[in-house]
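have a look at this fold, sequence not included:
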């Protein structure tokens, strides 16, 4: 065996080479699989999530430019000015001020941040409003310990831990809680919003392709909060209408007793109801009326009260 | 034999006194360890007759340098506790559906991990360095209120004890380190766990607020002649701004904690569901404290880095004025960004945009600082000591953490990434890469000043590399997990999400960091016995006044208070072939008045502990006893005029002569 540097010597042993390959594979695996479908945020299924992803990528790339510059500058500095014998680069212990350079790195970050700030403002306002002239499907969402209850005021049906929505139509979720706070999140459709007792917070999302998506609570709320999982099936409008009709005709009605059963501290599976008591939402969450409400930009939806 | 008897008695007491449902079987192992360690410490102290020494030298001390050592030991112990918590969390998440610890215990562990790391590790670590060097840097003999300083320490220590005892007795807090209302209502978190959280933070918080006041006054009032504001070392500046932040940030926390405790103990409805409670107000108050708190823990690190980078580059700090202005700017902006912790709580687009932009604004002064640190190195001679390695690692780490922070300031991005693992990775990135690296850098840098010997550089570098590499192995996968939709505080997860691969890697990284901590502790123990004592007092070729003093520093700090004529005063003295000893003639030494040790701080802390314990379990008699001790010691200390001792000129002359610092 030729005598060479230690590292290459080690690499020539087949067994070691295998292990190195395994190690490299383990480290690189997640990066290679970076576009796998389980990266839900990278696979938006609707306009809200897509705009949020675009902005994420834009902000990340912009910031990465600055970070890369800082790291490069740091490495260069370390190479040039490391304390070693006969360092050819000048040692200037009293140099401590340079007005032009200092203004430069005040101005450059400011410009870069402005480049991030402008789309931030635009998108924030844009996503706070329903698209003009849209006729959204309204779903009232109540988070309970530890389950999600959904009511369709226009279709007058209710479900637990499962919803169907039509594609290419904005869905207005009206969020409240009859429990401690939770956060309502369907990553493939868009960002989250909290559910809070005594308040109604609006969130609109839209699916532009059919599919089954998962949603969950993103805010810790007790021992079984990891089980606050629900599924969203996005289907065509005719299928959606057929589904609501099916539920209206073949499922039991929700009574206040059912609701009180749901209020217990436990987890349940998927449930479907042909109707629900009008008072369940929004007048009684945890025994007091809702204040909160929509801010004006959202008031163009066909809210029943 | 006696150990067994004590343990059986202990078990008997636990099971008769405390509710059964809060006990966890796996906690018993930890209990045995803690009780065992306690017995060992007590027997060693008794064996070597050290009780009197412990009491008169440490428990009653009001010397800022010794208080600094106490803070440092406590902080390292808490770093161990919080680190073990982190390893338990990572073990639970290493693979899908494995549950070495169950849901409730996981909730307890992540709660204590966060609470301990922020309040009982980072804060005392910062105060350790404040106490150890700030008075020396400004040429003061002590802090402005030495006894108050000791009270601050003991309130912190007994607050920490109260929180940690919850793990021994069972029923740790389990609502997260933020303890959002209304989840902390009794209906949702029954038992005593959350009472421990609120009570211990209230007690420690009082101590912290007083520390803030103490150092603000010290820096404003006790600088040596000639030490103008613009000649102060940057660490003193960040101490000043941190103190100001503490004074205005802790009151909202105290209010929030006290009102929630009143909700829990006396059935009030400040933040409850129903009965007119406003849970949202708790969230506001908490983050009104919580965001400045972020800067409270990171600004001292900025200060440390500014000292370390100048010393080990052998160069004056670049852009001193800009550095000062930027810490002041960060201090002011810090109060205007708290809503960015809850963009998704329905404040509306205008409020969100305002706070998003104000958050981005903070990135500008922070960026200025990063460039100034790099240009301090530019044209210098960079010595790669352990302290400097942490500094160099800090710059890219903090830049990346800051960049992901700016991403969160982009409101729509926050909507997707909030409460996910991207967030976890981000704040560990700034808290470990910023605060912890800073504190470890400061610890290595000032260790010889505090203890009179340096830490071993080789072991220190080994520990550093384990920390640094382990850090990136832990948190890079967590950034990616955020994009896979993994949310925080899950105690386990099923296989189907594809989260397992990244979680395994992250766990491996966490254990690498754990190994780093073990090496660090070994380094400390090894150096304690093997490293040569520091004879010069200036092992790093330092720049600021503390290095002009012998290590460890005599109780009175400066035999004669120096006259400051320049920034980086000690560097200036060395360049002009002057030393403090040159200024010092035997006749210059005068009799000094030093603060006298007092048992009051310790007893006051004990009173708070008894009061807190009584409140936690609603044993009112005990609470009243604690309150009586508190009021009694306050009255006693108010009328205690015997708080100074005289140190004769002869004694000082003798000490200075033996240190070889006296002419003639």
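Happy to help now that I have it. Note that the structure is a prediction, hence the values are computed from the model and not measured.

from now on I want contacts and neighbour counts done on CA atoms only, so please keep to that.
Noted.

stretch B:193-206 and chain A in contact?
No. Counting by CA under 8 Å from any CA of the partner chain, no contacts exist between stretch B:193-206 and chain A, the nearest distance being 12.9 Å.

which outside residues touch that stretch?
B:119, B:152, B:155-160, B:162-163, B:166, B:171-175, B:184, B:250, B:254, B:257-258, B:260-261, B:264, B:608, B:612-613, B:615-616 (CA atoms under 8 Å, 6 or more residues apart in numbering or on different chains).

ok, and which of those residues reach chain A?
Residues shared between those and the neighbourhood of chain A are residue B:175 [CA under 8 Å from any CA].

domain boundaries for chain B, per the record?
Domain assignment for chain B by automatic domain parsing gives B:1-49, B:50-537+B:549-558.

okay, these in a markdown table with mean pLDDT next?
Shown next, in a markdown table, are those (pLDDT from 0 to 100):
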| stretch | mean pLDDT |
| --- | --- |
| domain B:1-49 | 66 |
| domain B:50-537+B:549-558 | 93 |
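
right, so of those, which gets closest to residue A:243?
domain B:50-537+B:549-558 (26.9 Å; CA to CA).

remind me which helix or strand residue B:606 belongs to.
helix B:600-617 (DSSP states H and E).

cool, residue A:204 as well?
Per DSSP H and E, residue A:204 falls inside strand A:201-205.

hmm, that strand touching chain B?
Yes. Against chain B, strand A:201-205 shows contacts by CA under 8 Å from any CA at A:201, A:202.

off-centre distance for stretch B:653-660?
35 Å (CA atoms, centre = their mean, to the nearest Å).

what comes up buried for it?
Buried residues in stretch B:653-660, counted by 16 or more other CA atoms under 10 Å in any protein chain shown: B:653, B:656.

deepest in the core, which of the domains of chain B is it.
domain B:50-537+B:549-558 (a mean of 22; mean count of other CA atoms under 10 Å in any protein chain shown).

which other residues reach stretch B:417-434?
By CA under 8 Å, 6+ apart, the residues outside stretch B:417-434 that reach it are A:191-192, A:218-219, B:298, B:301, B:344, B:393-394, B:397-398, B:400-402, B:404-405, B:408, B:475-476, B:478-483, B:485-488.

return the subset of those lying in strands.
Of the positions in those, A:191, A:192 sit in strands, assigned by DSSP state E.

now the domains of chain B in JSON lines, with distance to residue A:22?
Below are these laid out as JSON lines (distance: least, CA to CA, whole Å):
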{"stretch": "domain B:1-49", "distance to residue A:22": "36"}
{"stretch": "domain B:50-537+B:549-558", "distance to residue A:22": "13"}
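
out of those domains, which is closest to residue A:260?
domain B:50-537+B:549-558 (16.2 Å).

check which helices and strands the strand holding residue A:204 sits against.
On a contact count with 3 or more CA pairs under 8 Å, 6 or more residues apart in numbering or on different chains; DSSP states H and E, strand A:201-205 meets strand A:171-177, strand A:190-195.

between strand A:171-177 and the last one, find me the angle.
This means strand A:190-195. 30 degrees (axes from the mean of the first three to the mean of the last three CA atoms, to 10 degrees).

how many neighbours does residue A:90 have?
For residue A:90, the neighbour count with other CA atoms under 10 Å in any protein chain shown is 12.

got the contact list for the closest residue in space to it that isn't next to it in sequence?
Setting aside the residues directly before and after it, residue A:90 is nearest to residue B:379 in space (CA to CA, 6 or more residues apart in numbering or on different chains), at 6.1 Å. With contact taken as CA under 8 Å, 6+ apart, residue B:379 is in contact with A:81, A:89, A:90, A:91, A:92, A:93, A:95, B:315.

give me the subset of those lying in helices.
Among these, the members found in helices (DSSP state H) are residue A:81.

show me how to select, in ChimeraX, the buried members of the contacts of residue B:379.
In ChimeraX syntax, the buried subset of the contacts of residue B:379 is picked out as below (16+ other CA under 10 Å):
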select /A:81,91,93,95 /B:315
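
in a markdown table: the contacts of residue B:379, plus distance to residue B:104.
Shown next, in a markdown table, are these (distance: CA to CA, whole Å):
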| residue | distance to residue B:104 |
| --- | --- |
| A:81 | 53 |
| A:89 | 60 |
| A:90 | 61 |
| A:91 | 59 |
| A:92 | 59 |
| A:93 | 57 |
| A:95 | 58 |
| B:315 | 53 |
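
nearest to residue B:530 among the contacts of residue B:379?
Closest to residue B:530, out of all of the contacts of residue B:379 and judged by CA to CA, is residue B:315, at 31.5 Å.

that closest one touches residue B:306, doesn't it?
No. Using CA atoms under 8 Å, residue B:315 makes no contact with residue B:306, being 11.0 Å away.

picking that back up, nearest to residue A:41 among the domains of chain B would be which one?
domain B:50-537+B:549-558 (5.1 Å).

how long is that closest one from one end to the other?
Start-to-end span of domain B:50-537+B:549-558 (CA to CA, to the nearest Å) is 30 Å.

which stretches of chain B form strands?
Using DSSP E, the strands of chain B run over B:592-595, B:644-647.

can you say which of these is packed in most?
Stretch with highest mean neighbour count among the strands of chain B: strand B:592-595 (a mean of 17; mean count of other CA under 10 Å).

give me the contacts around that strand.
Strand B:592-595 is contacted from outside by B:62, B:63, B:146, B:147, B:556, B:643, B:644, B:645, B:646, B:647, B:648, B:649, using CA under 8 Å, 6+ apart.

just those now: which is nearest residue B:330?
Nearest to residue B:330 among the contacts of strand B:592-595 is residue B:146, at 29.0 Å by CA to CA.

look up how far residue B:595 lies from the closest residue to the closest one other than its chain neighbours.
Distances taken as CA to CA, 6+ apart place residue B:62 nearest to residue B:146, at 5.4 Å, with adjacent residues excluded. Using CA to CA, residue B:62 is found at 7 Å from residue B:595.

before we move on, the earlier item: check the helices and strands packed on strand A:201-205 for me and report the most buried one.
strand A:190-195 (a mean of 28).

quick one: pLDDT of the residue of the stretch 101-250 of chain A found nearest chain B?
Relative to chain B, the nearest point of the stretch 101-250 of chain A is residue A:191 (4.1 Å; CA to the nearest CA). Confidence at residue A:191, expressed as pLDDT, is 91.

that one contacts residue A:185, correct?
Yes. In terms of CA under 8 Å, residue A:191 counts as a neighbour of residue A:185; the distance is 6.2 Å.

one step back: now do the buried residues in the strand holding residue A:204.
Residues A:201, A:202, A:203, A:204, A:205 are the ones in strand A:201-205 that count as buried (16+ other CA under 10 Å).

and the furthest pair within those?
Across the buried residues of strand A:201-205, the longest distance by CA to CA is 13.3 Å; it joins A:201 and A:205.

so how far is residue B:492 from residue B:62?
Relative to residue B:492, and taking CA to CA, residue B:62 is found at 47 Å.

got the contact list for the closest residue to residue B:358 other than its chain neighbours?
Leaving aside its sequence neighbours, residue B:358 sits nearest to residue B:337 (CA to CA, 6+ apart; 6.0 Å). The contact partners of residue B:337, taken as CA under 8 Å, 6+ apart, are B:291, B:355, B:356, B:358, B:359.

what segments of the stretch 201-305 of chain A are strands?
Taking DSSP state E, counting those that start in this stretch, the strands of the stretch 201-305 of chain A run over residues A:201-205, A:211-217, A:229-235, A:271-273.

got a list of what the residue nearest to residue B:146 touches?
B:146, B:147, B:149, B:150, B:595, B:596, B:597, B:598.
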